[in-house]
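In: sequence first, then the predicted structure, then my questions.
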Amino acid sequence: MAIRISTLEERYIDSCRKHGVVPNTAILSGLLKAEVKKSRHELCSLEIFLDHFKDSDFHPLLDLFMELDASEIQAVDVRNESSCVLNGECALSLMRVINQKLRRVNLRDLSLGKNFLRDLSKRGLPCQVLTLRSSHFRKLNMMGEFMRIHTLNLDFSTSLTSFREDCFTCMPNLTCLSLCETRITNLWTTIAALSKLPCLVELRFQKWLCRNDAGPSAASSDGKSNDKIDFSQPKSTPYIRESSVDIGVLTDYNSSTEEALRNLFSSDDVAINQEAQSMIEDSSDDSDVDFSSHQQEYGYRELLFNAFSGLNGQVDQRDEVSFDTLYNQNGEESLAGAFTRESEDVAWEFISCHASPICFEKHYREYMIASLPHLKVLDNLPIKKIDRERATVTFSQYFEYLPYKRKYKESVVSILQKREIRASQIHLRTPKQKSSCTFGKSKYFYTRSLCAAKVGSSAWPFLHPLSISKTCLGDEGMGFRPRQFEYHPSDSSLMVFGTLDGEVVVVNHEKEQIVSYIPSLGAMNSVLGLCWLKNHPSKLIAGSDNGSLKLYDIQKMPPTTMGIYNSPGFVTFDDFDQLTSVHVNSTDELFLASGYSRNVALYDISSGRRLQVFTDMHREHINVVKFANYSSSVFATSSFDQDVKLWDLRQKPIRPCYTASSSKGNVMVCFSPDDHYLLVSAVDNEVRQLLAVDGRLHLNFEIASTGSSQNYTRSYYMNGRDYIISGSCDEHVVRICCAQTGRRLRDISLEGSGSGSMFVQSLRGDPFRDFNMSILAAYLRPGSKSEIVKVNLLTSSDYAKEHSYCRHSCPSNSMGG
């Protein structure tokens, strides 16, 4: 027979007497309310407010909660609404002892501390609904037992940027997930994590609120107007935008899902814990939680506000358009998303608020729908058959599921087996049969298939910061501060980088050892230009922003500072003031220099003389100049006057061979490895591929802009000319796109410990290793170091220990390549 509520009360009072504690009035009141519910034949639930407890209440509460399983109490709801005095460890112990009757848990973890979140993540909770609004997760890693949970709400968790790969494997029954106003941006890692949820039917990264002529209402998935959004919250303002959408007929759910949806969209969703602004705790480790006050930093909110500040105007319902006409004059999908239909003669208008940055990714909704086939509701809007059909088309048009157009994931073992079987079959055939058998199969077929299998095996590639110390140079002080780098053209192990302090360092990046070190000696400032000679692999040109230009022979340069003053291993050229770029031609006879002027200088390498200065080649300064890879006289210039020009020294560069224009200032240009294309990168993600022969547009990669005029974008080729990689100095992401179709393969997010905003200062594809690159990454946080991060998409981050990043802020983001 179940223990009566009155008996529970008596035993609780006895336990308090035993432990010398005054009975807590909140518990007595809660038991009385449960008794009333029982008398009314309602669900007999006990509501617990942790705010009302102190540590001295713990033992009597523990005795009481241990008896709840055998009592008349049918469900227990636990919540805290303000600062909690009770120790976080005690709070978790109390919730776990409630066991199977624990129904809803609604907490704000700020006052419960970092250890509370870690313990919660590692050990789990037996609740059905878990709400951790304003939590301080940085990387979601809930690996404990959450077998009963069907609803998880992490709204306003403004530290949350990403997921661990297996963070949802412990939640097989999760049907509803809300992540409004987080800092999540990466579509690929997000989908990889969410794909581990077999029962997920409702997902929310933003709220679409419905309002018609009758006034504002909220479109929750159970068809009820139960969302009350407080637009006075200053944190939410950058994410508010309006649109007209028809929600149509909502999908039917079973009763448990309906209950989950009601819990998910409760009326108290909007509650920002303002205490987070003042709490500063050490977060320099690579933990999964972050209690630093990152909200003060310039980051996603400011960038998105710049990008979408013009999208807050109300959509005129008279201008109704269909889903198939959502394109602006440039042919790009409208970010304002004017989706309008009429349902039962009522024009529904929607407004989006509390959106996470991922919502502003191009084709976000279509990508989510195409990637999660069991999803029924996304951002409060139901997914219809026509939505799914449209999402499939959009996905195939703008995204690449696997590299090299592979449509299905295969294991490496399976591909190797097929290759061996095919090789043995070909060996037994006649020469004529062999030729017909191999027809139609590229010699790279199996290599590319293996790459596709490895890239597709994990959305989390291996990122490794290059660890080069000054210790071997006898300097125990500050480490290197890289500003530019280049892979060696013929030795796969070598890389050179120049620093903000004027140093030039040649390293074996495989062994992380210094091969040659050239100190500044007071002559160099920030090194912005570096270029290896191709036919003399021990030599390189280095140029700094104060105009200094030198040729170094690393075979004659010592690995330390000893002997540098008397070394014959360098040649000095005439200065080029305010230099930003240098490049050597294919025969190692000449090199060009450009900078903060409209001129380009031509130098003869063998004589060390400056041959000529070509004046007024552009209307504004020329940031980057590049020779072609095979033609020793052809070069391209990119300028902030929005033009890219191709020149030929044989024609005396008075007139360009052609001029191609961008809509914004050009940051850089480079030739494809076979000189077939020019890759042009303009400010704020305007990346285009031109035919090198005549400058005609071949491909526009249509990367979403941020609205920032300081978002300097750089792009390079990877895997020969198969893919391009693109990154910008206002963003923490590198985008990988197919160079033939423009379809997006993957985004690589740069994440380190702490909460500073990271950006991409420069990047290069590894010329010797497919799907490998290096990124010069820096943080906006003053006083932090920049560093070179090596990325291997063929290896999962699971195979190696994770590394935290160091950071550095640099003001010269627009200079050089």
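Out: That came in fine, so what should we check first? Numbering: from 1, shown residues only.
In: residue boundaries of the helices in this structure?
Out: 5-18, 25-39, 58-66, 88-98, 114-123, 187-194, 255-264, 300-308, 364-371, 385-398, 412-427, 431-438, 445-456 (DSSP state H).
In: out of those helices, which comes closest to residue 162?
Out: helix 187-194 (5.8 Å; C-beta to C-beta). All C-beta spots, glycine's among them, are computed from the backbone N, C-alpha and C.
In: helix 364-371 and the closest one, what's the angle between them?
Out: Put simply, helix 187-194 runs at 40 degrees to helix 364-371, going by axes from the mean of the first three to the mean of the last three C-alpha atoms, to 10 degrees.
In: how about the CA coordinates for helix 187-194, as PDB?
Out: Extracted in PDB, the C-alpha atoms of helix 187-194 (Å, rounded to 0.1, in the frame of the first residue of the first chain):
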ATOM      1  CA  LEU A 187      25.300  23.000 -39.800                       C
ATOM      2  CA  TRP A 188      27.400  19.900 -40.300                       C
ATOM      3  CA  THR A 189      28.500  19.200 -36.700                       C
ATOM      4  CA  THR A 190      25.000  20.000 -35.600                       C
ATOM      5  CA  ILE A 191      23.400  17.500 -37.900                       C
ATOM      6  CA  ALA A 192      26.000  14.900 -37.100                       C
ATOM      7  CA  ALA A 193      25.100  15.200 -33.400                       C
ATOM      8  CA  LEU A 194      21.300  15.400 -33.900                       C
END
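In: report the distance from stretch 66-83 to the chain centre.
Out: Its chain's average C-alpha position is 39 Å from that of stretch 66-83, according to C-alpha atoms, centre = their mean, to the nearest Å.
In: which residues does it contact?
Out: 2-5, 7-8, 11, 34, 38, 43-51, 65, 94-95, 97-108, 110-112, 127, 275 (C-beta atoms under 8 Å, 6 or more residues apart in numbering).
In: pLDDT on that stretch, on average?
Out: Computed over stretch 66-83, the mean pLDDT rounds to 90.
In: ok, stretch 777-792 next?
Out: Averaged over stretch 777-792, pLDDT sits at 83.
In: helices or strands next to the longest strand along the chain in the packing?
Out: Ranked by number of residues, the top strand in the chain under DSSP state E is strand 787-796. Applying 3 or more C-beta pairs under 8 Å, 6 or more residues apart in numbering; DSSP states H and E, one finds that strand 787-796 makes contact with helix 445-456, strand 461-465, strand 482-487, strand 744-749, strand 772-779.
In: what's the neighbour count on residue 82?
Out: Close neighbours of residue 82, defined as other C-beta atoms under 10 Å, add up to 12.
In: I misspoke; the intended subject was residue 29.
Out: Per other C-beta under 10 Å, the neighbour tally for residue 29 reads 13.
In: use 135 as the first number for this chain going forward.
Out: Got it, first residue is 135 now, which makes that one residue 163.
In: and it, what does it touch?
Out: So residue 163 contacts nothing (C-beta under 8 Å, 6+ apart).
In: now residue 854
Out: The contact partners of residue 854, by C-beta under 8 Å, 6+ apart, come to 806, 807, 808.
In: turn the helices and strands packed on strand 921-930 into TSV, including distance to residue 639.
Out: Formatted as TSV, the helices and strands packed on strand 921-930 follow (distance: least, C-beta to C-beta, whole Å):
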stretch	distance to residue 639
helix 579-590	31
strand 595-599	15
strand 616-621	8
strand 878-883	25
strand 906-913	13
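In: CSV please, covering these and showing distance to residue 837 and mean neighbour count.
Out: Rendered in CSV, the data for the helices and strands packed on strand 921-930 read as follows (distance: least, C-beta to C-beta, whole Å; neighbours: other C-beta atoms under 10 Å):
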stretch, distance to residue 837, mean neighbour count
helix 579-590, 20, 19
strand 595-599, 20, 20
strand 616-621, 23, 24
strand 878-883, 8, 22
strand 906-913, 16, 24
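In: of all these, which lies closest to residue 929?
Out: Counting by C-beta to C-beta, residue 929 lies closest to strand 595-599 out of the helices and strands packed on strand 921-930; the figure is 4.2 Å.
In: re earlier: pull out the buried residues from the contacts of residue 854.
Out: Those of the contacts of residue 854 that meet the buried threshold are 806, 807, by 16 or more other C-beta atoms under 10 Å.
In: out of the contacts of residue 854, who's nearest residue 875?
Out: residue 806 (15.0 Å).
In: so who does the closest one touch?
Out: Residue 806 neighbours (C-beta under 8 Å, 6+ apart): 812, 813, 826, 851, 854, 855, 873.
In: who wins on neighbours among these?
Out: residue 813 (26 neighbours).
In: what's near enough to touch that one?
Out: Listed by C-beta under 8 Å, 6+ apart, the contact set of residue 813 reads 803, 804, 805, 806, 821, 822, 823, 824, 849, 850, 851, 858.
In: let's see that with 10 Å instead.
Out: Residue 813 is in contact with 760, 802-806, 821-824, 826, 832-833, 835, 848-851, 855, 858, 860, 873, counting by C-beta atoms under 10 Å, 6 or more residues apart in numbering.
In: neighbours of residue 830, how many?
Out: Residue 830 has 10 neighbours, counted by other C-beta under 10 Å.
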